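Trainee: model the following, please.
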Amino acid sequence: MRPFLHTALRLAAVSVLILWPLQVWGQSQLPQWQASIAKVSVDPKLGRTPGTAFVVAVSGQTAFLVTCAHVVVEESSPRVEFRAAPLREFRATVRAREPGDNPRGLALLVVENVPAEVTALPLAATANPVEGERVIVAGFPRPSLRFLVLDMILAGYEGQDLTLSRETVEGFSGGPVLRGDSAIGIVYGREGGTGVALISDVVRTYLRGLRVPLDAAPRTAQPAVQPSSGPKAGETRVNPVSGLKDVWIPSGAFTMGCSEGDTECYEDEKPAHPVTITKGFWMGQTEVTVGAYKRFSTAKGKPMPPEPDLSGRALNPGWKNEEQPVVNVTFQEAADYCAWAGRMRLPTEAEWEYAARAGSREARYGNLDDIVWYADNSGNQRIDSARIWKEDQKNYANRLKENGNGLKMVGQKLPNAWKLYDMLGNVWEWTADWYGEKHYQAKESRDPKGPPGETYRVLRGGSWYFYPMFTRASYRIRNAPANRSIDSGFRCAGE
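Mentor: Numbering: from 1, shown residues only. Here you go, the predicted model:
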């Protein structure tokens, strides 16, 4: 049974497939990065599927390509077909090749007299992978000879390896993993139904050892790439109106809903589905504090909400502790505050979960007690709140009262990867969305905003009052917009 407030990853998400038929493209038509991609074929007697390579440098009319060693094992002069010149075939020389029995092994190919349309693909000096971000892989999978682009999510990163959200068949080996117009990795195979790739840092080190001119001037004049002047993920600013800090949340993709391996999910957390947040936004680094809400209250001539009280015990008498989160606010009061705080707003439910996860696929973005204030650890003594709820539900509130459980000052636990504090625990947080029990079945994929005009609004994150099951990134509760709760607050978002 759920407590009174609620009555209601796998990251192998469906990816977008874009087919590019083999045809003649003018250089003005072909996307810039595709001008570096090539299909690599070996002697038919070897009975192997063609693979993929991409150009990492061009010097005069000589192109240097990188691929996987197993693509060209036992072959010294493979055939190469460039995307930029699809009806011509070139012979490459295998300049260097790591042992073919190493699945991560690389090979360097050299092709002479390449056409002017062939250009190099920038190889990121540092991959800086972020779990949950959107990437692209490209190659020539079997049995089709057509070029294929897969739009994917970066599902994991460990050591030198990237894990992709979709399986990559054999013909993708040697193809790039792209973020924007640069490669952050090279596909080398598949494991357990997902694609795997080697990060660009390793590829660059390998090629530099072979003295490949990676950083040579481009072959043809290209517009200079200007470094982004916008904020970076996790960058903070002080909101000049509220006085609180905001954190920049970058655009990206993630899997919304029940986390992979999470056995505690309810049906309204399912199905897990891919979602893209198309625009970055600022989000409060902490929940809105009592001190910030007092400034709003004074500026707008509005009263403070009722002081929180747990079965006769005041949780913040006279609102004296200004570093605790403000609670007992209605949905509209929260929305009004955000509008006052520099044209901010309440985050959508998707924005909230995306920000809370910060690239994590797990139910929580860290160890429970390191990141969360919840009923077990928010009192004088540690308790087993789940057992108390199960065995003595009628006296649950009194048991918390007797143990001194209550609100905690914001920002005392560890933040997530984007420097957001208390996204799980301390207080529930209002979101902008109406609650729909079966809304996830619609699988809205781009900036979802929830169902229109329902009865309840969604809150997220769990609180000091509840047991661990509620402090999960995908967990949802509903509450009437006019209701107040001693463990419900909010934080703001805005562009």
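Trainee: excluding its backbone neighbours, what's nearest residue 161?
Mentor: Using Cβ to Cβ, 6 or more residues apart in numbering and skipping residues adjacent in sequence, the residue nearest residue 161 is residue 196, 5.7 Å away. All C-beta atoms are positioned from the backbone trio N, CA, C, and that covers glycine.
Trainee: helix or strand with the lowest mean pLDDT in the chain?
Mentor: strand 16-20 (a mean of 36; mean pLDDT, DSSP states H and E).
Trainee: can you give the domain ranges for the protein?
Mentor: What the record gives for the chain is the domain set 9-219, 236-494, from automatic domain parsing.
Trainee: lowest-confidence stretch among those?
Mentor: In terms of average pLDDT, domain 9-219 trails the rest of the domains of the chain, at a mean of 81.
Trainee: for the residue nearest to residue 161, phi and psi?
Mentor: phi -130, psi 150 (degrees, to the nearest 10).
Trainee: could you export the domains of the chain as TSV, including mean neighbour count?
Mentor: TSV is the format used below for the domains of the chain (neighbours: other Cβ atoms under 10 Å):
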stretch	mean neighbour count
domain 9-219	19
domain 236-494	19
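Trainee: residues contacting the residue nearest to residue 161?
Mentor: By Cβ atoms under 8 Å, 6 or more residues apart in numbering, residue 196 lies in contact with 161-164, 168, 187-190.
Trainee: okay, how far is it across stretch 342-353, tip to tip?
Mentor: Stretch 342-353 has an end-to-end distance of 23 Å (criterion: Cα to Cα, to the nearest Å).
Trainee: any idea how far it is from the chain center?
Mentor: Here stretch 342-353 is found 16 Å from its chain centre; the criterion is Cα atoms, centre = their mean, to the nearest Å.
Trainee: sitting in strands, which of the contacts of residue 196 do you find?
Mentor: If you go by DSSP state E, these have 161-164, 187-190 in strands.
Trainee: would you reformat these as CSV and include distance to residue 101?
Mentor: Converted to CSV, the ones in strands among the contacts of residue 196 look like this (distance: Cβ to Cβ, whole Å):
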residue, distance to residue 101
161, 17
162, 21
163, 22
164, 23
187, 18
188, 13
189, 13
190, 17
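Trainee: my understanding was that residue 369 contacts residue 382; is that so?
Mentor: No - in this structure, residue 369 is not within contact of residue 382 by Cβ atoms under 8 Å, at 9.3 Å.
Trainee: could you look up the SS state of residue 121?
Mentor: The local conformation at residue 121, judged by DSSP: H, G, I helix; E, B strand; the rest coil, is coil.
Trainee: how about the nearest residue to it once chain neighbours are set aside, what does it touch?
Mentor: Excluding the flanking residues, the one nearest residue 121 by Cβ to Cβ, 6+ apart is residue 36, at 3.7 Å. Residue 36 sits next to 54-56, 83-84, 118-121, 176 when contact means Cβ under 8 Å, 6+ apart.
Trainee: quick one: which of the residues you listed is nearest to residue 393?
Mentor: Checking these against residue 393 by Cβ to Cβ gives residue 176 as the nearest, at 55.9 Å.
Trainee: so what sits opposite that closest one in the bridge?
Mentor: residue 186 (DSSP bridges).
Trainee: now do the same contact list for it.
Mentor: 33, 36-37, 54, 121, 137-138, 183, 185-187.
Trainee: any chance you could map the helices in the chain?
Mentor: 200-209, 290-300, 331-340, 349-357, 368-371, 385-391, 396-402 (DSSP state H).
Trainee: out of the ones you listed, nearest to residue 495?
Mentor: Taking the helices of the chain one by one with Cβ to Cβ, helix 349-357 is closest: 10.9 Å.
Trainee: contacts for the closest one, please.
Mentor: For helix 349-357, the surrounding residues in contact (Cβ under 8 Å, 6+ apart) are 132, 249, 252, 254, 256, 275, 277, 281, 283, 347, 365, 416, 418, 420, 423-424, 429, 431-433, 447-450, 458, 460-461, 473-474, 476, 493.
Trainee: and the residue lying closest to residue 465 once chain neighbours are set aside, how far from residue 316?
Mentor: Spatially, and ignoring its direct neighbours in sequence, residue 465 is nearest to residue 487 (4.4 Å; Cβ to Cβ, 6+ apart). With distances taken as Cβ to Cβ, to the nearest Å, residue 487 is found 12 Å from residue 316.
Trainee: who touches both of the two?
Mentor: 308, 407.
Trainee: nearest residue to the middle of the chain?
Mentor: The centroid of the chain falls nearest to residue 132 when counting by Cα atoms, centre = their mean (2.9 Å).
Trainee: contact partners for that residue?
Mentor: By Cβ under 8 Å, 6+ apart, residue 132 lies in contact with 11, 153-154, 252-255, 354, 357-361.
Trainee: which of these fall within strands?
Mentor: Judged by DSSP E, the subset of the contacts of residue 132 located in strands is 153-154, 252-255.
Trainee: could these be laid out in TSV, adding distance to residue 311?
Mentor: Formatted as TSV, those follow (distance: Cβ to Cβ, whole Å):
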residue	distance to residue 311
153	46
154	47
252	43
253	44
254	39
255	40
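Trainee: can you show me the strands along the stretch 51-200 of the chain?
Mentor: For the stretch 51-200 of the chain, applying DSSP state E, counting those that start in this stretch gives strands covering 51-59, 62-68, 79-82, 90-91, 93-97, 106-111, 134-139, 147-158, 161-164, 176-179, 182-191, 194-199.
Trainee: kindly calculate the angle that the first one makes with strand 62-68.
Mentor: Just to be clear, that refers to strand 51-59. 150 degrees (axes from the mean of the first three to the mean of the last three Cα atoms, to 10 degrees).
Trainee: who does strand 51-59 touch, helix- and strand-wise?
Mentor: strand 37-41, strand 62-68, strand 134-139, strand 182-191, helix 200-209 (3 or more Cβ pairs under 8 Å, 6 or more residues apart in numbering; DSSP states H and E).
Trainee: make TSV from these and add distance to residue 331 to it.
Mentor: Shown next, in TSV, are these (distance: least, Cβ to Cβ, whole Å):
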stretch	distance to residue 331
strand 37-41	50
strand 62-68	54
strand 134-139	32
strand 182-191	41
helix 200-209	46
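Trainee: what's the closest of these to residue 395?
Mentor: Of these, nearest to residue 395 by Cβ to Cβ is strand 134-139, at 48.9 Å.
Trainee: which residues touch residue 455?
Mentor: Contact analysis of residue 455 by Cβ under 8 Å, 6+ apart lists 434-435, 480.
Trainee: ok, the residue nearest to the centre of the chain to residue 424 distance?
Mentor: 17 Å.
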